[in-house]
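>>> Please work out how this folds:
(2 chains)
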Number of protein chains: 2
Amino acid sequence: MPAGLLDEIPLTKLGSAYEVVPGLKEDMPMREKMEILLKFYQKQIVAAVENADSSGQKFIVDEWSRGENMGGGITRVFQDGKVFEKGGVNFSAIHGELPAAAVERMRANHKELKVPKSGKLPFYACGLSLVIHPRHYLAPSVHLNYRYFETLNEDGTTQAWWFGGGQDLSPMYYDEHDAIHFHKLLKDFCDYHDPAYYPKFKKWADDYFFIKFRGEARGIGGIFFDDLNDKDPDLIFKFAADGLSRFLPSYLPAVRRAYEPSTQPRPTPEEGWHWQGLRRGRYAEFNLAVDRGTQFGLQTPGSRVESILMTLPLHCSWEYNYHPVPGSLEAKTVEVLKNPREYV
Amino acid sequence: MPAGLLDEIPLTKLGSAYEVVPGLKEDMPMREKMEILLKFYQKQIVAAVENADSSGQKFIVDEWSRGENMGGGITRVFQDGKVFEKGGVNFSAIHGELPAAAVERMRANHKELKVPKSGKLPFYACGLSLVIHPRHYLAPSVHLNYRYFETLNEDGTTQAWWFGGGQDLSPMYYDEHDAIHFHKLLKDFCDYHDPAYYPKFKKWADDYFFIKFRGEARGIGGIFFDDLNDKDPDLIFKFAADGLSRFLPSYLPAVRRAYEPSTQPRPTPEEGWHWQGLRRGRYAEFNLAVDRGTQFGLQTPGSRVESILMTLPLHCSWEYNYHPVPGSLEAKTVEVLKNPREYV
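Numbering: from 1, shown residues only, chains lettered A, B, ... in the order given. You can find the predicted model right below:
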């Protein structure tokens, strides 16, 4: 057991963002609050992953800019560690003008948008986007994304705004204990803010992370939401802050368990590594061929491709028409992926 | 040197499809001629790849059907051989009705299409689609696709028709000799049919196989064409037949050369395998995130996903922000991929 994995991951009190995150004040503009929040959790998660990796290896830091007055970001990537094979934690805060076609697509969910005569709409967006692929085949991959979006009036003031985000788990081998723990922490923080959130956002994740042409989900889901602006913005901000605070405690225990003895049946290392390669291929398949966020990013001129594709696993495989042996641990996992469940 | 790779690959006479392909007769309906032609080359290529592999390993055969009266295909896949790591040679011949949205997209290039009142247009399509990934990092991957498409009147007769196809080479390490040999054979058979073809179709391949967000091509190109119906259909049929006949002689010598001594600088095996993994990741990236054919296939209800994705390499890797050492063989290859050249 890598020593750092044994460290306790404390749960902060729900709704306590202003006490937990240094420098955060209620009367700041939302853009500033979100940037402080996202950068705080980027640092916290990076430190915890380095600590859990127990190898002394550090994240690479790449600060990048889209050009003058267009914003940029801080990409942090971890590669080839002891516990973690690849991980990326990417903060970005960008400004610019949405082209007419993008505005049209956005108006489908935001009828309130007023578009200037030029057809181009000024916007601001910030987000924290994270993917971790651990080395051990018994440890799940995980993804998190929290973002805040504004469209702007010609004088730079906010016109419309919304939040989006969520987090989801992708085990190579289904483990009920991990799945319940992950979903329970998500349900708890969602319920604290709105009892309607977890059922709605859990289903949204099940739908969003589904690979239609395979008839199977990327993983065991979590929560996903977008266009959220039906409450006072500060209430949604505190909801997002709690989601970020639940990331480490919902995830790291599942990595630790990969190194702990178990009474459950487990694959041989040979089976495990082979299956991990195939599941990673499936992960890349989702991100490259299905994920609307990735496609939007890749098609946006001036986007930073390496920051978008840091989510891809280090090693993937594709075998023709591979089907696990019926009754095997691999087949049981596929069964769960084909039929999303309720965990809490 | 695997013994089978030494076997001579003869060049047949151009324009000689009716002499070369058993059972082919000029007065047959085009659908029948194309199916005979494509199945003949599927068999020939499968036999030649098995022979070159020199291991006794055979292609898997999967015959599949889309359902009653909707056609189907024969997928042949080779995996984990001595010379070839993965290869797929897929024949299909399908019928059905194009949904209204697909008809609209198609009308952009085919104003002549008459759409029945239902909005759905009956169609017939057949094709041979092929990808080979050899094991050796000095041996290039290759892709070929020839297809024939018809839209039908309500009585089943042909309304409009066109051909599409091409072939292109994706080396991990740029080799000028291989590139010139490959392009020369393509130019020769194109010129025999129409001197305008090679320049036009070579550029089309350079454009089609370009990964815009990377600013680099998937490989060193070849030819690509679509919607070709500007001549008597039998002339285009003979052109497609010659393209298919040039596949083995244009490709196998490049695989053989990977096993031959060379006076040129070569990577160490460690460098070679590492770079091959990254280039294969790039190949998967193109197929999953860029290729319109793959996306169309995956979005078509009832399509056979495993036949479409047989093109993906067995092993791929993605490293964050990897750039080859300036002046290295890897960097020279990227230089060529970023700046498509003229070879003949």
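>>> what's the distance between the residue in chain A sticking out farthest from the centre and residue A:159?
Distance from the centre of chain A peaks at residue A:117, with 36.0 Å (CA atoms, centre = their mean). Distance from residue A:117 to residue A:159, counting by CB to CB, to the nearest Å: 15 Å. C-betas here are computed from N, CA, C, even on glycine.
>>> With residue A:220 instead?
Counting by CB to CB, the separation of residue A:220 from residue A:159 is 38 Å.
>>> Then residue A:130?
Separation of residue A:130 from residue A:159 (CB to CB) stands at 29 Å.
>>> Looking at the two, which one has more neighbours?
Between residue A:130 and residue A:159, counting by other CB atoms under 10 Å in any protein chain shown, residue A:130 is the more crowded of the two (26 against 17).
>>> Report the contact partners of that one.
Shown in contact with residue A:130 (CB atoms under 8 Å, 6 or more residues apart in numbering or on different chains): A:45, A:87, A:88, A:89, A:90, A:142, A:143, A:144, A:145, A:247.
>>> which one of the residues you listed is nearest residue B:198?
Nearest to residue B:198 out of these is residue A:88 (CB to CB; 43.3 Å).
>>> Next, see if the helix or strand that closest one falls within gets close to chain B.
Using DSSP states H and E, residue A:88 sits within strand A:84-98. Yes - residues of strand A:84-98 are located near chain B by CB under 8 Å from any CB of the partner chain, namely A:86, A:88.
>>> Phi and psi next, for the nearest residue to residue A:219 once chain neighbours are set aside.
Residue nearest to residue A:219 in three dimensions, not counting chain neighbours: residue A:170, with 3.0 Å by CB to CB, 6 or more residues apart in numbering or on different chains. Dihedral pair for residue A:170: phi -130, psi 90, per degrees, to the nearest 10.
>>> Residue A:170 against residue A:142, yeah?
Yes - counting by CB atoms under 8 Å, residue A:142 is a contact partner of residue A:170 at 7.0 Å.
>>> list residues touching both of those two?
By CB under 8 Å, 6+ apart, no residue touches both residue A:170 and residue A:142.
>>> for chain A, where's the lowest mean pLDDT among helices and strands?
Sorting the helices and strands of chain A by mean pLDDT, DSSP states H and E puts helix A:100-107 at the bottom, at a mean of 80.
>>> That one to strand A:84-98, inter-axis angle?
100 degrees (axes from the mean of the first three to the mean of the last three CA atoms, to 10 degrees).
>>> Touching helix A:100-107 from outside, list them.
A:98, A:113, A:115, A:119, A:120, A:121, A:151.
>>> what about the helices in the stretch 101-250 of chain A?
Assigned by DSSP state H, counting those that start in this stretch, the stretch 101-250 of chain A shows helices spanning A:176-193, A:197-208, A:233-245, A:247-257.
>>> got TSV for the ones you listed, with distance to chain B too?
Formatted as TSV, those follow (distance: least, CB to the nearest CB, whole Å):
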stretch	distance to chain B
helix A:176-193	25
helix A:197-208	17
helix A:233-245	23
helix A:247-257	20
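>>> Any chance of those in JSON lines with mean pLDDT as columns?
Formatted as JSON lines, the helices of the stretch 101-250 of chain A follow (pLDDT from 0 to 100):
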{"stretch": "helix A:176-193", "mean pLDDT": "98"}
{"stretch": "helix A:197-208", "mean pLDDT": "98"}
{"stretch": "helix A:233-245", "mean pLDDT": "98"}
{"stretch": "helix A:247-257", "mean pLDDT": "98"}
